[in-house]
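Colleague: Build me a structure from this.
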Amino acid sequence: MGMVDVTEKPVIRRLAEARGKLFLGPKTVQAVREGSIQKGDPFLVAEVAAMNAAKQTHLLIPHCHQIPLDTVKIGFELTDEGVEARCLIRAQARTGVEMEALVGVTMALNTLWDMVKYLEKDADGQYPGTRMTDIRVIRKEKGGRGQAPG
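Modeller: All right, here's what the predicted structure looks like:
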């Protein structure tokens, strides 16, 4: 089988944006708001992790092509229920960048969870309310220009 041969496809502008949610307890949300997370700024760390992961998607998913990314933009919205993360990818390539956006947003959420997990554990060391949901591609464009997440 092998990878899909994209040799004959034209290099065009491509954009994909993905988002997902991390549900957190009120105590954790408050600690994030106050800037009192023990490991540091969870958004800064998650942004760097997401950028690194998106750029290495081809190493993580066997059938993905190595694509030179022009832009990786990560955005976060803190709500009373947790965090919504967004990852926007732009490239000029022969194939789409949806997987890079999904890998980026997923790694952002994983990193956020890691940064706050000590606050989320219950007495038994479990995470009864912490969950990642709604991870999906919310936009895909070919040949056009898109906007960064807000």
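Colleague: Return the distance of the nearest residue to Cys87 once chain neighbours are set aside relative to Met115.
Modeller: Of all residues not flanking Cys87 in the chain, Gly104 sits nearest, at 3.5 Å (Cβ to Cβ, 6 or more residues apart in numbering). No exception for glycine: its C-beta is placed from N, CA and C like everyone else's. Distance, Gly104 to Met115, using Cβ to Cβ, to the nearest Å: 17 Å.
Colleague: And these two? Which one has more around it.
Modeller: The neighbour count for Gly104 versus Met115, taken as other Cβ atoms under 10 Å, is higher for Gly104 (32 against 22).
Colleague: Just to check, the more buried one is in contact with Val97?
Modeller: No - with contacts counted by Cβ atoms under 8 Å, Gly104 stays clear of Val97, the gap being 9.6 Å.
Colleague: Mutual contacts of the two, please.
Modeller: Common neighbours of Gly104 and Val97, counting by Cβ atoms under 8 Å, 6 or more residues apart in numbering, are Ile89.
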